[in-house]
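# Would you be able to build a 3D model of this:
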Amino acid sequence: MRVITQQTLGGPEVLTVVDAPEPRPLPTEVLVRVKAIGLNPLEARLRAGEFPLVGRPPFTLGWDISGVVEEARTWRFRPGDEVFGMPLFPRAANAYAEAVSAPALHLARKPAALSHVEASALPVVGLTAWQGLVDFGGVGEGDRVLVHGGGGGVGHVAVQIAKALGAHVIATAAGSKRTFVEGLGADEVVDYTAVDFTEAVSDIDVVLDTLGGDTAERSLGVLRPGGRLVTAVAEQNARLIAASEAAGMRFSGIAVDPDPVALRGLVALVEQGRLRVHVQETFPFERVADAHRLLDGGHLQGKLVLTV
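Model (predicted):
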């Protein structure tokens, strides 16, 4: 089979397509013939060596997959089942490949309403948003929720999940993404390029930060007393934790993990027509370097996907 690997850390050009033996599934695992692979900004940072989550090269990146079960060593799936998921994170899943061996519990049946391309784009961002809003945020009917980066990968899914939970949803996004974010169900969109969100927003119950920088700390000022700040990018920031406590706010940092319950929750929202995933662009497997150049540039609308 073909895999995408790298021998050194660096720019997109270090990603190369090579031949490798197919993995063999262990008991409780399945072998998935991959149809599409979702790309995430984290992978560009790992490729460049910003932090050693998967060790030193050589390694194969990737976690988001959608495909067809080819071999099953579990009762949960049978050969021919269409599945998607985020196996093994944060351990290496070696998902930039034509075939992946994955724990059955880390996968779910692909909703018929989603193509393999769309399904592969959902797991990492969907599980991050779900865990942030449902598990940590406890968002419910009537809550005021602020989603930073409402047009991005995590953000565009988070807007829809918060709306499905009955919240009044406010999202920050560049003005060029206003129509897109409003179409996701956001009640208000704040153009962060023209307006300081701290002056435009107040009385928030839950903030979900997907951007990093000083966004999370500045968000403390827009929360109601006892409100919750959830961040997907600064989960171990001691200064931010201390600032949250000093302000009387609750702090949660997300390090997303495989979660079959949340994955089934995402499937239910898709099947109810309350959640869709936006793919900005697809690339054939061998053009992975071009896709990573877009990842490096940031400011994406939704997700990028490799097709196999």
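# wait, isn't Asp19 in contact with Thr5?
No. Taking Cβ atoms under 8 Å as the definition, Asp19 is not a contact partner of Thr5, at 10.3 Å. For the C-beta atoms, the positions are set from N, CA and C on the backbone; glycine is no exception.
# Among these two, which residue is more densely surrounded?
Using other Cβ atoms under 10 Å as the criterion, Asp19 and Thr5 rank with Thr5 on top: 18 against 8.
# helix or strand right after the least confident helix or strand in the chain by mean pLDDT?
Between all helices and strands in the chain, the lowest mean by mean pLDDT, DSSP states H and E belongs to helix 238-246, at a mean of 87. Counting by DSSP states H and E, the next helix or strand C-terminal to helix 238-246 is strand 250-253.
# what about that next one, average pLDDT?
For strand 250-253, the mean per-residue pLDDT is 90.
# Then stretch 104-121?
98.
# And the contacts of stretch 256-270?
If you take Cβ atoms under 8 Å, 6 or more residues apart in numbering as the criterion, stretch 256-270 is touched by 85-90, 103, 105-109, 111, 113-114, 122-124, 126-128, 130-131, 134-135, 160-161, 164, 232, 275-276.
# where in this structure is pLDDT low?
Flagging of the chain using pLDDT under 70 yields the residue ranges 234-235.
# Which parts of it are helices?
41-48, 116-120, 123-130, 153-164, 178-183, 197-200, 215-219, 238-246, 260-271, 288-297 (DSSP state H).
# Which among these is found nearest to Pro12?
helix 288-297 (3.8 Å; Cβ to Cβ).
# List every C-alpha atom in that closest one, with coordinates, as CSV.
Extracted C-alpha coordinates of helix 288-297, given in CSV (Å, rounded to 0.1, in the frame of the first residue of the first chain):
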residue,chain,number,x,y,z
VAL,A,288,-0.4,16.1,0.2
ALA,A,289,2.4,18.8,0.2
ASP,A,290,0.1,21.2,-1.6
ALA,A,291,-2.6,20.6,1.0
HIS,A,292,-0.1,21.2,3.8
ARG,A,293,0.9,24.5,2.3
LEU,A,294,-2.7,25.6,2.7
LEU,A,295,-2.7,24.3,6.3
ASP,A,296,0.4,26.4,6.9
GLY,A,297,-1.4,29.5,5.6
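# which strands and helices sit next to that helix?
Contact here means 3 or more Cβ pairs under 8 Å, 6 or more residues apart in numbering; DSSP states H and E; on that basis helix 288-297 packs against strand 29-39, helix 41-48, strand 279-284, strand 303-307.
# and that helix with strand 29-39, angle?
If you take axes from the mean of the first three to the mean of the last three Cα atoms, to 10 degrees, helix 288-297 sits at 60 degrees to strand 29-39.
# Buried residues, helix 288-297. List them.
Val288, Ala289, Ala291, His292, Leu294, Leu295 (16 or more other Cβ atoms under 10 Å).
# can you count the residues close to Val279?
Neighbour count for Val279, taken as other Cβ under 10 Å: 18.
# Report the beta-bridge partners for it.
Lys303 (DSSP bridges).
# Check the gap between it and Arg33 for me.
Using Cβ to Cβ, to the nearest Å, Val279 is found at 20 Å from Arg33.
# Nearest residue to the middle of this structure?
Val125 (1.7 Å; Cα atoms, centre = their mean).
# got a list of contacts for the least confident helix or strand of the chain?
Outside helix 238-246, the residues that touch it by Cβ under 8 Å, 6+ apart are Ala216, Glu217, Leu220, Leu229, Thr231, Ala234, Arg250, Phe251, Gly253.
# isn't the last one right up against Asn237?
Yes. Taking contact to mean Cβ under 8 Å, the distance of 7.5 Å between Gly253 and Asn237 places them in contact.
# Let me know the distance separating Pro27 from Pro21.
20 Å.
# Same check on Pro260?
Per Cβ to Cβ, Pro260 is found 29 Å from Pro21.
# what do you get for Gly212?
Distance from Gly212 to Pro21, by Cβ to Cβ: 38 Å.
# Likewise for Val68?
Taking Cβ to Cβ as the measure, Val68 falls 20 Å from Pro21.
# likewise Val169?
Taking Cβ to Cβ, one finds Val169 at 47 Å from Pro21.
# So if I had to pick from the two, which one is more boxed in?
Set side by side, Val169 and Pro21 show more neighbours around Val169, with 27 against 8, by other Cβ under 10 Å.
# Let me see the contact set for that one.
Val169 neighbours (Cβ under 8 Å, 6+ apart): Val145, Val147, Val159, Ala162, Lys163, Gly185, Ala186, Asp187, Glu188.
# could you flag which of those are buried?
Going by neighbour count (16+ other Cβ under 10 Å), those have Val145, Val147, Val159, Ala162, Lys163, Gly185, Ala186, Glu188 buried.
# No further queries at this time; thank you.
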